[in-house]
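*Asks:* Could you look at this predicted model? Sequence included:
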Amino acid sequence: MTDQTITSVSRENRVFRPSAEFQRQANLGSFATYKRLYAESVNAPAKFWARQAKELLTWRRPFKEVLKWKLPHAKWFIGGQLNVAENCLDRHLDTARSNKAAIIFEGEPGDIRTITYKQLHREVCQFANVLTGLGVGKGDRVAIYMPMVPEAAVAMLACARLGAIHTVIFGGFSSEAIKDRVNDCQAKVVITADGGWRRGKIIELKVNVDRALAGTPSVEKVVVLRRTGNATAMTEGRDHWWHDLVTLASPMHKARGFDSENPLFILYTSGSTGKPKGVLHTTAGYLLGSMMTTKYVFDLKETDVYFCTADVGWVTGHSYVVYGPLANGATVFMYEGAPNQPGPDRFWDMIDRHGVTIFYTAPTAIRAFMRWGDDYVKKHSLASLRLLGSVGEPINPEAWMWYHTLIGKKRCPIVDTWWQTETGVIMVTPLPGITPTKPGSCTLPFFGVVPKVLDENGKEVPKGSGGRLFLKQPWPSMLRTLWNDDDRFKKQYWSELPGYYFAGDGARFDKDGYLWVVGRIDDVLNVSGHRIGTAEVESALVSHPSVAEAAVVGRPDELKGQALVVFVTVKSGVTATKELREELRAHVAKEIGALARPDDVRFATALPKTRSGKIMRRILKEIAAGGEVRGDTTTLEDFSVVAALQSQEE
Ligand code: 7RM
């Protein structure tokens, strides 16, 4: 058992070289520059990071020491002081960016607002004064439970300006989830809204907050943004309207510097157990990482209109909607609602209307677009796009090719970015115009990142074989600990192999040293002694013309150890038949080998997903095993999906 490797079965070998045209204008210049800087970043990290930190960040007080590394605790840029909000806003005001759009916002109903850097600065200053008035100061925790509207960014930046710690709770989470998170970090203030728009309906955020707050004694004040205008109960003395407080607040606010290691935010993320982990990020290292990756991975230019589809409730929304782009003085396009409201072409319509140049989304979204049909894409020009990104899970080559062809018109580089809530920012990624890409591979490490693929004994596996993904060496934006649970931090990430960060993913390097992340280790199956990455079987299934989306799990099997159970949704117009079931089993056997032939194919109208679009295989495993769905389902987007899957069990 211990020295088995993850059987690698992918047959993808296409390579896409960057165009000379893109390369000529790329921020990083050339592959040789990448090589040289990468070598410096890993061989002389203190020198490399000191230079980047001085060049990219605006400091109130210079740091004295670059890194203190007492495994597993890192401190970066010690002795330095800075203000994150000042880096994202104030420093742009003396430049031509002052009247540049910081945020172009479109609400789901179609309302549009453009907020310049000067205006955003004013709003953040005002709101920082509001929070001060409510008793919020350095180190206090503030929970933010809001729709995707500019005020969510204002609230985050106002906390950062005060040295307060925000914890953004995704607007799709239930009141139970709010309660747990607020209690875990003992938040003093909650910032929310009367509601937000999603698929033409109002999400009643304030109602959920009220329910949660029956069990959260730490909360003193609630600030409520009026977004939808629906009737909203306000608790006297505790609840205040955003607009009432802001009208009374001064737009002047002097930012002060905070220590490099002052906590910036806590973001809760689910682990393999039920209780969410409060990932803690701090000030300077996180800001440097998010700013630098945004600049190089998205090849950011002054004229770009940058659209990351992630909600601010996820780490991608923190690093690539708010902190990274704003620190760079970029124009961020922000959208409130669903991608298929009023029609399946909402994104393409917005990209054309706002002239979006950079588009960053998730494979699950791409597969949904594929399923909705090419015609919705072809109605629009998409001529403004110049760069595409993917994040959140392995992208199957079929989706990659569709993205490349239909959205990128074979003209836009695709950056497949591997990273985690814990890493803070992008870790492994192509650099556009520089790195040749292969569909499904996140390619090469970013500066300062040393990925290792190791076996159970901590030995490097040969190229082409799978193993577990670790990161050697600390990096500036790494998580510092888990809030209130340093033991779990040590156990979860640093005890698999002493000195190495354990990512929890399975991966392999190919012969060119390109990294292929196959998915979570717990998503790796063992069938008759062969370990098979669920992502590879899923990719094979999705390459079948009838399949829209697939999820693969293991079911305990006396003979094989694990049997392969696949859950499949078919494309519109396709009927799920017995014949198709057999065809799919044969298809996987053909694509990968008989060892991966599914034992059971189940058709579903939808798969159970978290609100960020990750398939919850844990739930599918329970269904596949024919048992009860136990454990935490609070992160599930739609519970009825589970009920439907259970009721059609054969
Ligand atoms: C940013 C984010 C992290 C997990 C990670 C992987 C998976 C993310 C990719 C990917 C293959 C990618 N943070 N993952 N990006 N797998 N290729 N480009 O998603 O904390 O929510 O999830 O997501 O399993 O460990 S996260």
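*Replies:* Nice, I can see it.

*Asks:* need the contact list for the nearest residue to residue 499 once chain neighbours are set aside.
*Replies:* Computed as CB to CB, 6 or more residues apart in numbering, the closest residue to residue 499 that is not its neighbour in sequence is residue 71, at 6.2 Å. Every C-beta, even on glycine, is put in place using the N, C-alpha and C of the backbone. Taking CB atoms under 8 Å, 6 or more residues apart in numbering, we find residue 71 in contact with 494, 498-499.

*Asks:* got it, and residue 395?
*Replies:* By CB under 8 Å, 6+ apart, the contact set of residue 395 is 363, 366, 403, 416, 439-440.

*Asks:* got it, and residue 51?
*Replies:* Listed by CB under 8 Å, 6+ apart, the contact set of residue 51 is empty.

*Asks:* And the pLDDT for it?
*Replies:* Residue 51 carries a pLDDT value of 98.

*Asks:* repeat for residue 7
*Replies:* pLDDT, read off for residue 7, is 50.

*Asks:* Likewise for the one 3 residues further on?
*Replies:* The score at residue 10 is 61. That number is its pLDDT.

*Asks:* now swap in residue 588 and tell me
*Replies:* 89.

*Asks:* Distance check, the closest residue to it other than its chain neighbours against residue 519.
*Replies:* Leaving aside its sequence neighbours, residue 588 sits nearest to residue 540 (CB to CB, 6+ apart; 5.0 Å). Residue 540 sits 14 Å away from residue 519, going by CB to CB, to the nearest Å.

*Asks:* Quick one: residues contacting the closest residue in space to residue 387 that isn't next to it in sequence.
*Replies:* Distance criterion CB to CB, 6+ apart; nearest residue to residue 387, sequence neighbours excluded, is residue 358 at 4.7 Å. Listed by CB under 8 Å, 6+ apart, the contact partners of residue 358 are 298-300, 304-307, 385-389.

*Asks:* which ones among those residues are found in strands?
*Replies:* Assigned to strands by DSSP state E, the following of those qualify: 305-307, 387-389.

*Asks:* For those, which single residue is the most surrounded?
*Replies:* Each of the ones in strands among the contacts of residue 358 was scored for neighbours by other CB atoms under 10 Å, and residue 389 scores highest at 28 neighbours.

*Asks:* Just want the phi and psi numbers for the closest residue to that one other than its chain neighbours.
*Replies:* Leaving aside its chain neighbours, residue 389 sits nearest to residue 360 (3.6 Å; criterion: CB to CB, 6+ apart). Dihedral pair for residue 360: phi -130, psi 120, per degrees, to the nearest 10.

*Asks:* quick one on the thing from earlier: show the buried residues in the contacts of residue 71.
*Replies:* With neighbours counted by 16 or more other CB atoms under 10 Å, the contacts of residue 71 contain buried members at residue 494.

*Asks:* out of the contacts of residue 71, which are inside helices?
*Replies:* residue 494 (DSSP state H).

*Asks:* and the residue nearest to residue 499, how far is that from residue 235?
*Replies:* To residue 235, residue 71 is 47 Å away according to CB to CB.

*Asks:* and what of residue 608?
*Replies:* Counting by CB to CB, the gap from residue 608 to residue 235 is 35 Å.

*Asks:* Please identify which of these two sits among more neighbours.
*Replies:* Using other CB under 10 Å as the criterion, residue 608 and residue 235 rank with residue 608 on top: 26 against 10.

*Asks:* Tell me what the residue nearest to residue 387 is bridged to.
*Replies:* Per DSSP bridges, the residues bridged to residue 358 are residue 306, residue 387.

*Asks:* And what about the spatially most central residue of the chain, helix, strand or coil?
*Replies:* The residue lying closest to the centre of the chain (CA atoms, centre = their mean) is residue 316, at 3.4 Å. Three-state assignment for residue 316 (DSSP: H, G, I helix; E, B strand; the rest coil): helix.

*Asks:* Go through the contacts of residue 358 and say which is closest to the ligand.
*Replies:* residue 389 (9.2 Å; CB to the nearest ligand atom).

*Asks:* Please give me every residue in contact with the closest one.
*Replies:* The contact partners of residue 389, by CB under 8 Å, 6+ apart, come to 297-298, 308, 358-361, 414-417.

*Asks:* Likewise for residue 209?
*Replies:* Per CB under 8 Å, 6+ apart, neighbours of residue 209: 145, 175, 178, 190, 192, 222.

*Asks:* partner residues bridging the closest residue to it other than its chain neighbours?
*Replies:* Spatial nearest neighbour of residue 209, excluding adjacent residues (CB to CB, 6+ apart): residue 192 at 4.8 Å. Bridge pairing for residue 192 (DSSP bridges) gives the partners residue 145, residue 224.

*Asks:* And residue 192, how far from residue 287?
*Replies:* For residue 192 relative to residue 287 (CB to CB), the value is 26 Å.

*Asks:* Also residue 576?
*Replies:* Note on residue 576: its distance to residue 287, by CB to CB, is 49 Å.

*Asks:* State the helix or strand in which the closest residue to the ligand within the stretch 551-650 of the chain lies.
*Replies:* Proximity of the stretch 551-650 of the chain to the ligand (CB to the nearest ligand atom) peaks at residue 612, 6.2 Å away. Assigned by DSSP states H and E, residue 612 falls within no helix or strand.

*Asks:* Pretty sure it sits against residue 315.
*Replies:* No. The criterion here is CB atoms under 8 Å, and residue 612 misses it with residue 315 at 9.4 Å.

*Asks:* neighbour-wise, which of these two wins?
*Replies:* With neighbours defined as other CB under 10 Å, residue 612 and residue 315 compare such that residue 315 has more, 25 against 21.

*Asks:* In space, what's closest to the closest residue to the ligand within the stretch 501-650 of the chain - neighbours in sequence excluded?
*Replies:* At 3.8 Å from the ligand, residue 517 is the closest residue in the stretch 501-650 of the chain, using CB to the nearest ligand atom. Spatial nearest neighbour of residue 517, excluding adjacent residues (CB to CB, 6+ apart): residue 507 at 4.6 Å.

*Asks:* and the one you found, what does it touch?
*Replies:* By CB under 8 Å, 6+ apart, the neighbours of residue 507 are 451, 453, 466-469, 515-518.
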